[in-house]
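**Student:** The sequence and its predicted three-dimensional model are supplied below.
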Amino acid sequence: MSQMPSLAGLKSFEAAARNKSMTKAAAELNVTQGAISRAIGSLQADLGFPLFSRTRPVLELTPLGETVFAELQYSFDRIKNVLARIQNEQNGRALHINVLPTFALRLLIPRLPRFREQYPDMQVDVVVGEQAIDFAAGPVDVAIRYGTGDWPRTKSYRILDEELIVVCAPWLLEERAEIDPTQLRPGQLIRHTTRLMAWSEWFESLNVTPPIPAGLGFEHFFMVIEAATVGIGFALLPRFLIRKELADGALVVASPHTLRREQGYFFLCSQERLLDPKIVAFRQWLHAELQDPDI
């Protein structure tokens, strides 16, 4: 094809395929069923292949129709999200942040009042997530993620390293100053289910054969922190996430040995929006906040 097919035909096909009905598609688009049928017929003629294998009693897509439908849904969703983001930007200085759950609870939210003091007119919306970010597909301005910084089509800035330490509730040490790594039993090791190799790396850095952790497993750091606080076992946690618990004695450091991993915490944004004033403002503010030597 040398030209794009009719937008009316594409919209009619997408609505009919999604609703599995030309009647419902016609009602949604506020046209007649005949108009939907003609638009789809014209689209199929332009494409040179059928999109539906049968039309009654329920519309069924051909394999090629399935492919076209999936691409149209993806493209229409991207268009809607981009337009929604532009409208939000036009209607106000909204900043949409997608951040790791425990990072949000322990580092970001307690500091946001200071950001609001500096930028009182900027609306801030925070959501949590751990999935890969596609800045073109959703209303997200910036994200905080853990990894090595190699996300595709994304500009990443390393903002924080991760120093992991072994901690536990005070009574688990039983009057000892520290634990003997060789005496730790698999059932005592609290597992962070998204960092499965961390315990092995810690033991190997001590030249100790790592046991297979068999303690309770938790998805998020804030859950691991709570499990360690109530005495379920020993946890391997980033020091900056547990400053409060260490300060008030709810947790104690069980070993002087620390582990620094190659991965770290990154500030992410779209490559096309590096110079967006609100993104620059938030990145510079966050960078300054994380220079705190107590982190």
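**Tutor:** Good, I have the coordinates.
**Student:** could you say what helices and strands the biggest helix by length in the chain packs with?
**Tutor:** The single longest helix within the chain, with elements called by DSSP state H, is helix 63-91. Helices and strands touching helix 63-91, by 3 or more Cβ pairs under 8 Å, 6 or more residues apart in numbering; DSSP states H and E, are helix 7-19, strand 93-99. C-betas here are computed from N, CA, C, even on glycine.
**Student:** again, 10 Å this time
**Tutor:** helix 7-19, helix 33-47, strand 52-54, strand 60-61, strand 93-99, strand 122-128 (3 or more Cβ pairs under 10 Å, 6 or more residues apart in numbering; DSSP states H and E).
**Student:** what does the last one contact?
**Tutor:** Strand 122-128 is contacted by residues 88, 91-105, 108-109, 112, 115-116, 138-141, 143-144, 220, 277-278, 281-282 when judged by Cβ atoms under 10 Å, 6 or more residues apart in numbering.
**Student:** Repeat that for the second one.
**Tutor:** Applying Cβ under 10 Å, 6+ apart, the external contacts of helix 33-47 come out as 1, 3-13, 15-17, 21-29, 31-32, 50-52, 55, 59, 62, 64-65, 68.
**Student:** quick one: contacts for residue 95?
**Tutor:** Contacts of residue 95 by Cβ under 10 Å, 6+ apart are 88-89, 115, 119, 122-126, 141-142, 276, 278-279, 281-282.
**Student:** that older thread, report the buried members of the contacts of strand 122-128.
**Tutor:** 88, 94-100, 102-105, 108, 115, 138-141, 143-144, 220, 278, 281-282 (16 or more other Cβ atoms under 10 Å).
**Student:** Figure out how far the longest helix of the chain is from the centre of its chain.
**Tutor:** Centroid separation between helix 63-91 and its chain, computed with Cα atoms, centre = their mean, to the nearest Å, is 20 Å.
**Student:** okay, the angle between it and strand 122-128?
**Tutor:** 140 degrees (axes from the mean of the first three to the mean of the last three Cα atoms, to 10 degrees).
**Student:** Tell me if residue 269 really is in a strand.
**Tutor:** Yes: applying DSSP: H, G, I helix; E, B strand; the rest coil, one finds residue 269 inside a strand.
**Student:** Switch the helices and strands packed on helix 63-91 over to TSV; also include distance to residue 194 and mean pLDDT.
**Tutor:** As requested, the helices and strands packed on helix 63-91 are exported to TSV (distance: least, Cβ to Cβ, whole Å; pLDDT from 0 to 100):
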stretch	distance to residue 194	mean pLDDT
helix 7-19	34	92
helix 33-47	44	92
strand 52-54	43	84
strand 60-61	37	92
strand 93-99	15	89
strand 122-128	13	93
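**Student:** Could you export the ones you listed as CSV, including distance to residue 148?
**Tutor:** Formatted as CSV, the helices and strands packed on helix 63-91 follow (distance: least, Cβ to Cβ, whole Å):
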stretch, distance to residue 148
helix 7-19, 38
helix 33-47, 43
strand 52-54, 46
strand 60-61, 40
strand 93-99, 18
strand 122-128, 21
